[in-house]
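Peer 1: following is a predicted model, sequence given first.
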Amino acid sequence: MTMRFPYAPMRLRRPAVSLGGRTIRPRPLISVTLLGPADVSLQDGLLDTGADDTIFSDTVAAQIGLDLSNAPVGDAAGLGPGVFSLRFAQVVLRVADNFERREWTAWVGFTSAPLRHPTLGFAGFLQYFTATFYGDREEVELTVNSLYPGT
C-alpha cells in the first residue's frame with residue numbers, strides 16, 4: 001500500500017521569485033510519532049532526500065524519556081554553519097495517512113543544534129520507503145520497500 005501526504009503550505013515574508021511570486025512555499029512535511037520509554041512525541045518532519053540521517057532535537061529525546069548519556073556519537077553537516085554532534089538512539093517511529101499506518105524501530109540522531117523541523121533523511125526513514133514526489137500535485141507518496149523492518 002501507499003501512503004499519501006500533501007505538502008504543507010509555508011507562508012513567506014515576501015513573494016518567492018523562484019515560484020512566480022507565490023507567497024506560499026510547499027514543503028514535504030509529514031507528521032511522525034516517536035515512541036520512547038516514557039512518552040511519545042508527534043513532530044512534523046521534513047522529508048529530505050539529501051540528508052544522510054534522520055535527526056531530531058535533544059529536547060524530543062528528553063521528552064520521550066531517552067537517556068543519551070552513553071549514546072553512540074556521530075557528526076552532521078548541513079544543518080547550518082559547521083559540523084554538529086549527534087547522539088544516536090533506537091526509537092520506534094510511526095507514520096500514518098488516512099488509510100494506512102507504518103511503525104518500525106530505527107537509529108535516530110539527536111542534536112542540540114537548532115532545527116526548524118526534524119529531518120527525515122535516508123538512514124532510519126527513507127531507506128525503508130520508495131518516495132515519489134509529485135511537484136504538480138504538491139504531494140509525496142511513500143511505499144514500503146523490501147528493507148522495511150516494521151509492521
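Peer 2: Thanks, I have the structure now.

Peer 1: what are the phi and psi angles of Ile64?
Peer 2: phi -90, psi 0 (degrees, to the nearest 10).

Peer 1: wait, what's in contact with it?
Peer 2: Leu34, Leu35, Gly36, Pro37, Ala38, Asp39, Val40, Ser41, Val91 (Cβ atoms under 8 Å, 6 or more residues apart in numbering). C-betas here are computed from N, CA, C, even on glycine.

Peer 1: so how far is Ala8 from the closest residue to it other than its chain neighbours?
Peer 2: Spatially, and ignoring its direct neighbours in sequence, Ile64 is nearest to Gly36 (2.7 Å; Cβ to Cβ, 6 or more residues apart in numbering). Separation of Gly36 from Ala8 (Cβ to Cβ, to the nearest Å): 25 Å.

Peer 1: just the helices in this protein please.
Peer 2: 58-64 (DSSP state H).

Peer 1: by mean pLDDT, flag the weakest helix or strand of it.
Peer 2: Lowest mean confidence among the helices and strands of the chain (mean pLDDT, DSSP states H and E): strand 73-77, at a mean of 87.
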